[in-house]
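Peer 1: this one's sequence-less:
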């Protein structure tokens with residue numbers, strides 16, 4: 001083989017390797033974007049870089065895979081459902097207290113299922129892995145509750161917070177979400 005042939009083979013192999021790497025990265029991005037939805041976009045915006053956002057999402061998945069997240073049993077679902085109905089009924093007479101109770105109830109469900117009860121951002125990050133469709137609801141409800149605490153949220157805001165908490169609450173109670181770590185890096 002002459003030198004030109006060797007160089008062309010090396011260039012062809014490098015081009016194929018580059019194409020494979022690019023394809024793998026596009027597929028990883030596609031899978032993460034599909035799995036995390038709006039949370040993917042939020043992180044890309046916050047981090048200013050898709051690769052940093054993707055590394056964080058992969059890190060979240062690995063963290064959650066080490067935890068012992070479990071489904072609720074039927075008695076727990078019944079108990080929490082009754083508590084939620086009472087909380088919603090409380091809204092008419094005491095909207096602020098109902099929102100605070102909704103937040104507490106969501107945290108109790110999360111704790112019972114095995115989610116660590118760190119700060120809010122850590123809870124939202126953990127929830128995003130298995131409940132990506134409603135993590136935005138959690139962020140919005142938490143923000144409204146915080147604004148209410150500062151005297152900056154009205155009754156309509158509190159109603160919206162209850163709607164957002166309810167979406168997360170119902171998702172946390174559903175048994176259709178079984179925690180399974182699915183490697184997205186392949």
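Peer 2: Yep, that arrived. Given the structure is predicted, the values throughout are model-derived calculations rather than measurements.

Peer 1: when you work out contacts or count neighbours from here on, use the C-alpha atoms and nothing else.
Peer 2: Will do.

Peer 1: okay, and residue 25 sits in which element?
Peer 2: For residue 25, the enclosing helix or strand under DSSP states H and E is helix 3-36.

Peer 1: and the helices in this protein?
Peer 2: Secondary structure of the chain (DSSP state H): helices at 3-36, 38-47, 50-65, 74-90, 95-113, 120-130, 135-149, 155-173.

Peer 1: now do the helix holding residue 25 and helix 120-130, the angle between them.
Peer 2: Interaxial angle of helix 3-36 relative to helix 120-130 (axes from the mean of the first three to the mean of the last three C-alpha atoms, to 10 degrees): 110 degrees.

Peer 1: from residue 107, how far off is the spatially most central residue of the chain?
Peer 2: Taking C-alpha atoms, centre = their mean, the centroid of the chain lies closest to residue 128, which sits 0.9 Å from it. In this structure, residue 128 and residue 107 are 14 Å apart, going by C-alpha to C-alpha, to the nearest Å.

Peer 1: next, work out how far apart the most far-flung residue of the chain relative to its centre and residue 52 are.
Peer 2: Relative to the centre of the chain, and counting by C-alpha atoms, centre = their mean, the farthest-placed residue is residue 2 at 56.3 Å. With distances defined as C-alpha to C-alpha, the gap from residue 2 to residue 52 amounts to 44 Å.

Peer 1: then residue 137?
Peer 2: With distances defined as C-alpha to C-alpha, the gap from residue 137 to residue 52 amounts to 24 Å.

Peer 1: residue ranges with poor pLDDT in the protein?
Peer 2: Segments of the chain classed as low confidence (criterion: pLDDT under 70) are 175-186.

Peer 1: where do the domain boundaries of it fall?
Peer 2: What automatic domain parsing lists as the domains of the chain is 3-65, 74-173.

Peer 1: what's the first-to-last distance across the shortest one?
Peer 2: Which is domain 3-65. Using C-alpha to C-alpha, the end-to-end distance of domain 3-65 comes out at 51 Å.

Peer 1: list the contacts for residue 162?
Peer 2: The contact partners of residue 162, taken as C-alpha atoms under 8 Å, 6 or more residues apart in numbering, are 88, 98, 99, 102, 141.

Peer 1: need the residues you listed in JSON lines with distance to residue 82 and neighbour count, can you?
Peer 2: What follows is the contacts of residue 162, written out as JSON lines (distance: C-alpha to C-alpha, whole Å; neighbours: other C-alpha atoms under 10 Å):
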{"residue": "88", "distance to residue 82": "10", "neighbour count": "20"}
{"residue": "98", "distance to residue 82": "14", "neighbour count": "23"}
{"residue": "99", "distance to residue 82": "16", "neighbour count": "27"}
{"residue": "102", "distance to residue 82": "12", "neighbour count": "26"}
{"residue": "141", "distance to residue 82": "21", "neighbour count": "26"}
